[in-house]
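> just need the structure, nothing else, for what follows:
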Amino acid sequence: MSVFTERPRLLLSAFAMNTTSHILGGQWRHPAAEQHRFNDLRLWTDLARTLEEAKFDALFLADVVGLYGNHGGGWSSHVERGLQVPANDPLVLQSALAASTEHLGLALTSSVVQAHPFQFARQLSTLDHLSGGRVAWNIVTSVLENSFRNFGNDGLVEHDSRYDWADEYLEVCYKLWEGSWDDGALVQDKATGRHADPSKVHKINHLGPRYSVEGPHLVAPSPQRTPLLFQAGSSGRGQHFAAANAEAAFLFAPNVEYARKTTASVRALARTLGRRDEDIKFFAGLSFVVGSTEAEVRSKQAELDEYLDLDMIVAHIGGGIGVDLGGLPLDTTLGDVRTDGARGVLEALFASVPGGNPTIADVARYRAYNQQIAGTPEQIVDQLESWQEAGVDGINIINQTIPGSYQDFIDGVLPELRRRGLAQTDYRPGTLRDKLFGEGPLLPRRHRAAAHRGAFAEALDPVTAG
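All right, here's what the predicted structure looks like:
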């Protein structure tokens, strides 16, 4: 049992996807699982209300816009087993959940490959207005070749070039969100009929390698202007991107020491850019098996293992790193695999086993068990304190079943977290950024996006500039 010390609370997010089978393949077959009802809005509104009642910080929806790479020479097994296909649009779902909740953060994944930044910025600003400032964007560059082909590209763009693409994509969004409308531009004076002050609304006239965007932004500033920014890249290039942009970073860490190394590295990079350690909140992706006794934990674990599809987990990871692992013996080592896929995932795989050369069996165990904490509530919270000591600020809870995995955590682990002062009992007022950082609704001036705030005020008068 840990000795109680003064600690910050742990941030809590539910990690899910509007699909049947997300991370832990096969669990949708469990008798208590309801995620096969992913097309039913009531499944998600019920979950969102449950999370809000438990004072979770956010519901984080993952997404892909293509099939995973081949497994066993093709993609038919992905469809047959439901490996994130079919998958619905999280932006549409979060729009519906905004009407069902009042405080819960609404995080959604969107890749730079799938939407033009002018249109996407408009959608996020609209959702931020309608939710009262509760939107977060998980910025991804996509790792699936099929995703790029679905949007007119010849194939997967080289790893670092994808981040160059994302840098410009964000620059366009930042200009629209932060600079296109000055504070006080929207007047709405019924007596005079003056709706907005045109001298405070600006075209951005962005011209870059990939995008040409004139503007202005068609949405007046939302409560947060820029939504809260999540990012999940953990490669070297991804860490630099996170240091410059992320307010929340999502880790798939195989162990506490890997988390400690990654959080320290990103925060050190952020300091070189004038940011503070506390400007980035790290969320570790973890699943849980909760029992009141160790015997109950073993029983629950055995039951979940009956439905776990390890080959599907191998297909998920292999498809993400661009390597077909299907049909190979489980003791096959990954060796010196190099890929333009998810390099951070590959690095975590190598770090997950002693000697750094995992087998395919290790790949399956990495996702199924290395990121799982099983135990009584006291044992689980003891381990969560170790993750916190490694620089982790919160957990993104991976589900085996919906809603059961979250209900088990709420009923079992949450009371112990609160007993130790590690979980909130009520929401702080304000936007999602207010709730997590307590420094107001907008990005701080030390974030790169803030440089665009007021940057277009010296532009030509919009009435004469055309």
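> what about the strands in the protein?
11-17, 58-62, 105-111, 135-140, 186-189, 194-196, 206-207, 212-213, 228-231, 248-251, 281-290, 372-375, 394-398 (DSSP state E).
> burial count for residue 55?
Using other Cβ atoms under 10 Å, the number of residues around residue 55 comes to 18. For the C-beta atoms, the positions are set from N, CA and C on the backbone; glycine is no exception.
> out of everything not next to it in sequence, what's closest to it?
Nearest residue to residue 55, sequence neighbours excluded (Cβ to Cβ, 6 or more residues apart in numbering): residue 424, at 5.1 Å.
> got the contact list for stretch 291-311?
Here stretch 291-311 makes contact (Cβ atoms under 8 Å, 6 or more residues apart in numbering) with 24-27, 29-30, 81, 289-290, 326, 364, 368, 374-377, 400, 412.
> contact partners for residue 364?
Contacts of residue 364 (Cβ under 8 Å, 6+ apart): 310, 311, 313, 314, 330.
> about what we covered before: deepest of the strands of the chain, which one?
strand 248-251 (a mean of 28; mean count of other Cβ atoms under 10 Å).
> where does the stretch 251-400 of the chain dip in pLDDT?
Low-confidence regions of the stretch 251-400 of the chain, defined here as pLDDT under 70, cover residues 334-356.
> what are the ranges of the helices in it?
Assigned by DSSP state H, counting those that start in this stretch, the helices in the stretch 251-400 of the chain fall at 256-272, 294-307, 310-321, 343-351, 360-365, 377-389.
> kindly report the same for the stretch 1-150 of the chain.
41-53, 76-81, 90-98, 117-130, 145-150.
> which elements pack onto the second one?
With contacts defined as 3 or more Cβ pairs under 8 Å, 6 or more residues apart in numbering; DSSP states H and E, helix 76-81 has these neighbours: helix 310-321.
> mind listing what's buried in the helix it packs on?
Residues of helix 310-321 classed as buried by neighbour count (16 or more other Cβ atoms under 10 Å): 310, 311, 312, 313, 314, 315, 316, 317, 318, 319, 320, 321.
> same list, those residues, but as TSV with distance to residue 230 please.
As requested, the buried residues of helix 310-321 are exported to TSV (distance: Cβ to Cβ, whole Å):
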residue	distance to residue 230
310	29
311	30
312	26
313	23
314	27
315	25
316	20
317	21
318	25
319	22
320	18
321	21
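> which of the strands of the chain sits closest to residue 434?
strand 228-231 (10.0 Å; Cβ to Cβ).
> chain center to the closest one, what's the gap?
7 Å (Cα atoms, centre = their mean, to the nearest Å).
> let me see the mean pLDDT of it.
Here strand 228-231 scores 97 as its mean pLDDT.
> quick one: list the elements packing against that strand.
strand 105-111, strand 135-140, helix 236-245, strand 248-251, helix 432-437.
> just put those in JSON lines and tack on distance to residue 123.
Listed next are the helices and strands packed on strand 228-231 as JSON lines, based on distance: least, Cβ to Cβ, whole Å:
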{"stretch": "strand 105-111", "distance to residue 123": "9"}
{"stretch": "strand 135-140", "distance to residue 123": "10"}
{"stretch": "helix 236-245", "distance to residue 123": "19"}
{"stretch": "strand 248-251", "distance to residue 123": "20"}
{"stretch": "helix 432-437", "distance to residue 123": "17"}
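> quick one, which of the ones you listed is nearest to residue 446?
helix 236-245 (11.2 Å).
> residue contacts, the residue nearest the centre of the chain?
Per Cα atoms, centre = their mean, the C-alpha nearest to the average position across the chain is that of residue 138, at 4.4 Å. By Cβ under 8 Å, 6+ apart, the residues touching residue 138 are 60, 62, 107, 108, 109, 110, 230, 231, 232, 250.
> isn't the third one up against residue 137?
So the one you mean is residue 107. Yes. With contact defined as Cβ atoms under 8 Å, residue 107 and residue 137 form a contacting pair (7.5 Å).
> which neighbours do those two share?
Each of 228, 230 lies in contact with both residue 107 and residue 137 under the rule Cβ under 8 Å, 6+ apart.
> dump the strands of the chain to a markdown table, plus distance to residue 267.
Listed next are the strands of the chain as a markdown table, based on distance: least, Cβ to Cβ, whole Å:
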| stretch | distance to residue 267 |
| --- | --- |
| strand 11-17 | 16 |
| strand 58-62 | 21 |
| strand 105-111 | 21 |
| strand 135-140 | 18 |
| strand 186-189 | 37 |
| strand 194-196 | 41 |
| strand 206-207 | 30 |
| strand 212-213 | 32 |
| strand 228-231 | 14 |
| strand 248-251 | 10 |
| strand 281-290 | 9 |
| strand 372-375 | 24 |
| strand 394-398 | 15 |
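> so for residue 147, which of those sits nearest?
Using Cβ to Cβ, the strands of the chain put strand 105-111 closest to residue 147, at 6.8 Å.
> adjacent strands (with direction) for the closest one?
strand 58-62 (parallel), strand 135-140 (parallel) (DSSP bridges).
> between the last one and strand 11-17, what angle do the directions make?
This points to strand 135-140. 60 degrees (axes from the mean of the first three to the mean of the last three Cα atoms, to 10 degrees).
> same check on the shortest one?
An angle of 30 degrees separates the directions of strand 58-62 and strand 11-17 when computed by the same axes, to 10 degrees.
> pull the residues that contact strand 58-62.
12-18, 22, 47-48, 51, 90, 93-94, 97, 104-109, 136, 138, 230, 250, 283, 396, 432.
> what does stretch 167-182 give?
Residues contacting stretch 167-182 (Cβ under 8 Å, 6+ apart): 112, 117-118, 120-121, 124-125, 139, 200-204, 206, 208-211, 213, 215-217, 220-222, 225-226, 241, 245, 443, 448-450, 452-457.
> can you flag the buried ones in those?
Here, 16+ other Cβ under 10 Å leaves 112, 117-118, 120-121, 124-125, 139, 200-204, 206, 213, 215-217, 221-222, 225-226, 241, 245, 443, 448-450, 452-453, 455-456 buried among the contacts of stretch 167-182.
> grab the nearest non-local neighbour of residue 132.
Using Cβ to Cβ, 6+ apart, the nearest residue to residue 132 is residue 223, at 6.3 Å.
> pretty sure the one you found contacts residue 429?
No. Judged on Cβ under 8 Å, residue 223 makes no contact with residue 429 at a distance of 12.0 Å.
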